[in-house]
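[1] 3D, please:
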Amino acid sequence: MSTNWNRYFYHTFPAELREFASKWRPQHHCPHCQAPKHRRALVDGDHLSELSHPARFCWYALTLIDQGMFTHFRASSDRWVKATGGYPLPVANIGFGCVAVTIPAYLLKPTDSLEDWSTFLEFWLDELDAKLHSFTGVTPTAFFEAVRTDRDMLKLQKAQPFERLLLEKAGERWKTETNQS
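    Residues are numbered from 1 along each chain as shown. As a prediction, the model looks like this:
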């Protein structure tokens, strides 16, 4: 059975993520973490197994945009949060009561289906094409140029096939400079 990504993303996923985030709030308020306390959702250990793969795919997408904006387009980051309402950010314990926002790839599992991921990407890249610039002032081409060169992209080995496919599809769609050379 295939997922109706539009219906899932806009009607099912927000409630699933809200429920997860309310259940898994970090116990400590780490002053070092730059993520607002009310947006933190703990993804340590088995917590992540509670989320369906469609939820993890959607959360990956939102986290990638959120972190990409915060890191590479700081002036547009607030516009993104305002436009989307500020989805929860996945955080992991790093010791002594501190947490840090995880890289988006942490939300993916090696057992996830690349076929399902590919189908999700078709939906998500269409959404980015239609909304990213109006929400943030950043074009998808500029966004993926920045993400492609981020030092943490493709860092987590278990997620490399998924992120490579994302970068390939984004590159084909927006003919990034990296693909034209």
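
[2] how near is the residue nearest to Trp24 when sequence neighbours are not counted to Leu89?
    Once flanking residues are discounted, Trp24 sits nearest to Leu42: 4.3 Å by C-beta to C-beta, 6 or more residues apart in numbering. C-beta coordinates here come from the backbone N, C-alpha and C atoms, glycine included. Distance of Leu42 to Leu89, computed by C-beta to C-beta, to the nearest Å: 10 Å.

[3] Okay, buried residues for the longest helix along the chain please.
    In the chain, with assignment by DSSP state H, the single longest helix is helix 114-136. By 16 or more other C-beta atoms under 10 Å, the buried positions in helix 114-136 come out as 117, 120-121, 123-125, 128, 132-133, 135-136.

[4] I'd like these written out as CSV, with pLDDT added.
    As requested, the buried residues of helix 114-136 are exported to CSV (pLDDT from 0 to 100):
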residue, pLDDT
Trp117, 96
Phe120, 97
Leu121, 97
Phe123, 97
Trp124, 97
Leu125, 97
Leu128, 95
Leu132, 95
His133, 95
Phe135, 94
Thr136, 94
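
[5] about what we covered before: who are the contact partners of the residue nearest to Trp24?
    24-26, 91-93, 99 (C-beta atoms under 8 Å, 6 or more residues apart in numbering).

[6] re the thing from before, could you say what helices and strands the longest helix of the chain packs with?
    Using 3 or more C-beta pairs under 8 Å, 6 or more residues apart in numbering; DSSP states H and E, the elements in contact with helix 114-136 are helix 5-7, helix 53-72, helix 74-84, helix 140-148, helix 160-174.
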